[in-house]
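K.L.:
missing the sequence, but the structure's below:
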């Protein structure tokens, strides 16, 4: 039995116990840094109480991972390693959480996830290595996608401790009911299925309704919280501010280069407030204005919005093929017509996809396993048992964000975006077809 040395009180689960080793890990700078990173980035500008941190989420994941591992009857050593992985699973997050991944990708011109940074930290941090006492390779194995066992899937899978915690925690702190589902029923009905060296997490038939609620909760939290249009505005303002700060040499061009030897030192020196302080150091930059406006909730406005599903397939395909550089050109043309600074015109293509509603074929094609329902006849994919079906087409929206109400974009009957500028009433409506001819 694990011997807990200290307990932390959590609003969702009551008391969470930690061992001596876990307390040492908790005291390292890379874990303590999570106190200074908001779980939901700038979502508090939409839901004021959503100010919880990655740190408290980490404790919640450790607690849920432990309960899952015990239910699946893993041995004490396996449970200890899973708890360490749960404690470290988010240490690779940048300021304001997932939003910073987009910034890193733009700077490095490659996909960079917080998971890949987490792996790099675990591999290189000497304090973590010393405290883990020879378990580093075992912990790293739980982040390896080729590890097709329930041990890894407790940390990252369709029904994992991460999602089970963040949906309920984000819902709790946001003050919404969308993320509520029957956690106890899920934990009571999960089972381990073994096939040679592979093992899967399945849910007993009697727990299917709880899983249906969990799938729906994830979808609703994405549509109502994670992809709220104001959240999209704040995320894009931050992205643009960092882009400008790099351009204006407020942030060094090599500060966030993933291949740099100094990357981890530079990256781990940043948290929510320290990033803002760096950008606010130069009042002459538009980056300063954007961050200052974020801090004071003086946000860009949703000047134009369209659901791309309403367009004919040819037009939608052409828009989907546009790259970031294409959007920048369009933003520049809009800024010229509006007589404003192009830094404050932002085009955003938003995609909301509920991966838990993907077809079994899509899961298998990508080398993954869909949620499994287990009865007397064996495991079956949930889509063959569920009366609830999700569309395979993600929600697709195109936004144009602009300063205040000086530039008001309207939707013409033919779905062409038009705008009027209050600075010159004689210019009543001007078509944007010269910039986005596909609409």
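P.N.:
Yep, that arrived. Here the structure is a predicted model, which is why all the values come from computation and not from measurement.
K.L.:
okay, now residue 340: neighbour count?
P.N.:
Other residues within reach of residue 340 by the criterion other CB atoms under 10 Å amount to 17. Yep, even glycine has a C-beta here, placed from its N, CA and C like the rest.
K.L.:
that one contacts residue 332, doesn't it?
P.N.:
No: look at residue 340 against residue 332 with CB atoms under 8 Å: they stay out of range, at 11.0 Å.
K.L.:
all strands for this protein, in order.
P.N.:
6-10, 14-18, 190-195, 198-204, 301-307, 346-352, 372-375, 378-381, 395-402, 407-411, 417-421, 430-431 (DSSP state E).
K.L.:
return the most buried member of those.
P.N.:
strand 395-402 (a mean of 21; mean count of other CB atoms under 10 Å).
K.L.:
neighbouring strands - and their directions - for that one?
P.N.:
strand 301-307 (antiparallel), strand 346-352 (antiparallel) (DSSP bridges).
K.L.:
between those strands, which one is nearest to residue 99?
P.N.:
strand 346-352 (12.3 Å; CB to CB).
K.L.:
now find how far off-centre that closest one is within its chain.
P.N.:
15 Å (CA atoms, centre = their mean, to the nearest Å).
K.L.:
looking at the strands paired with strand 395-402, which is closest to residue 255?
P.N.:
Of those, nearest to residue 255 by CB to CB is strand 346-352, at 22.8 Å.
K.L.:
just the residues contacting the closest one, thanks.
P.N.:
222-223, 227, 232, 236-237, 240, 300, 319-320, 322, 327, 330-331, 394-402 (CB atoms under 8 Å, 6 or more residues apart in numbering).
K.L.:
am I right that residue 187 is in contact with residue 68?
P.N.:
Yes: the criterion here is CB under 8 Å, and residue 187 meets it with residue 68 at 6.7 Å.
K.L.:
neighbour-wise, which of the two wins?
P.N.:
residue 68 (27 against 17).
K.L.:
for residue 395, see how far away that one is.
P.N.:
Distance of residue 68 to residue 395, given as CB to CB, to the nearest Å: 31 Å.
K.L.:
how many neighbours does the residue nearest to residue 332 when sequence neighbours are not counted have?
P.N.:
Distance criterion CB to CB, 6 or more residues apart in numbering; nearest residue to residue 332, sequence neighbours excluded, is residue 342 at 4.8 Å. Look at residue 342: counted by other CB under 10 Å, it has 17 neighbours.
K.L.:
for residue 342, what are its contacts?
P.N.:
Applying CB under 8 Å, 6+ apart, the residues near residue 342 are 331-332, 334-336.
K.L.:
just put these in TSV and tack on distance to residue 123.
P.N.:
TSV is the format used below for the contacts of residue 342 (distance: CB to CB, whole Å):
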residue	distance to residue 123
331	40
332	42
334	45
335	44
336	48
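K.L.:
which of these are buried?
P.N.:
331, 334-335 (16 or more other CB atoms under 10 Å).
K.L.:
which one of those is nearest residue 388?
P.N.:
residue 331 (39.9 Å).
K.L.:
tell me the contacts of the residue at minimal distance from the centre of the chain?
P.N.:
In the chain, the C-alpha nearest the mean C-alpha coordinate belongs to residue 98, at 4.2 Å (CA atoms, centre = their mean). Residue 98 makes contact with 41, 114, according to CB under 8 Å, 6+ apart.
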